[in-house]
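**Student:** no letters, just coordinates:
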């Protein structure tokens, strides 16, 4: 059994702002999907009066386009919605160890190793793949850790890891701007 705590409102609001930022991006393909679908339907049912009444063939171009944009809008929202749903799961608090290790035969491409939270008796509580340059060394250090299964390690010995930023701009606008 691991100690756990609920997400604080300010932590959840950061994830919520990120989700709304992604939603603003997903609105565009959703609108395009609606317009393509409407236009494809209109061509199929109305067409031109001076044509040979075979205009429904042109709708074949627009309806798959509408479906593609709709799928794209849904895919854009999957990760943010999952992250928001995960904020209703607990954050675990472990007084144990943090372990890093290099990649293995089952590592995904682009992964440079793994980071794990170990309990006091050195059992793995949770482990996540990491991405970066160079292989991670094998290292174990004692630490008080806060983590969530989806998000990773939030804090080590009270210091935030950056998995969940302290401040997130409204809708994420400017979140990737270079720091001075």
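**Tutor:** Ah, there it is. Predicted model, so just to flag it, every value in this text is computed and none were measured.

**Student:** so what's the backbone phi/psi at the spatially closest residue to residue 131 that is not a sequence neighbour?
**Tutor:** Leaving aside its sequence neighbours, residue 131 sits nearest to residue 110 (C-beta to C-beta, 6 or more residues apart in numbering; 5.5 Å). Glycine gets a C-beta too; all of them are placed from N, C-alpha and C. Main-chain dihedrals, residue 110, degrees, to the nearest 10: phi 90, psi -10.

**Student:** and residue 110, how far from residue 101?
**Tutor:** To residue 101, residue 110 is 16 Å away according to C-beta to C-beta, to the nearest Å.

**Student:** more neighbours, the two?
**Tutor:** Higher neighbour count among residue 110 and residue 101: residue 101, with 17 against 10, using other C-beta atoms under 10 Å.

**Student:** now do the contacts for the closest residue to the more buried one other than its chain neighbours.
**Tutor:** Distances taken as C-beta to C-beta, 6+ apart put residue 138 closest to residue 101, at 4.9 Å, once the chain neighbours are dropped. Residues near residue 138 by C-beta atoms under 8 Å, 6 or more residues apart in numbering: 99, 100, 101, 102.

**Student:** so residue 66 touches residue 40, yeah?
**Tutor:** Yes: assessed by C-beta atoms under 8 Å, residue 66 is found in contact with residue 40 at 6.2 Å.
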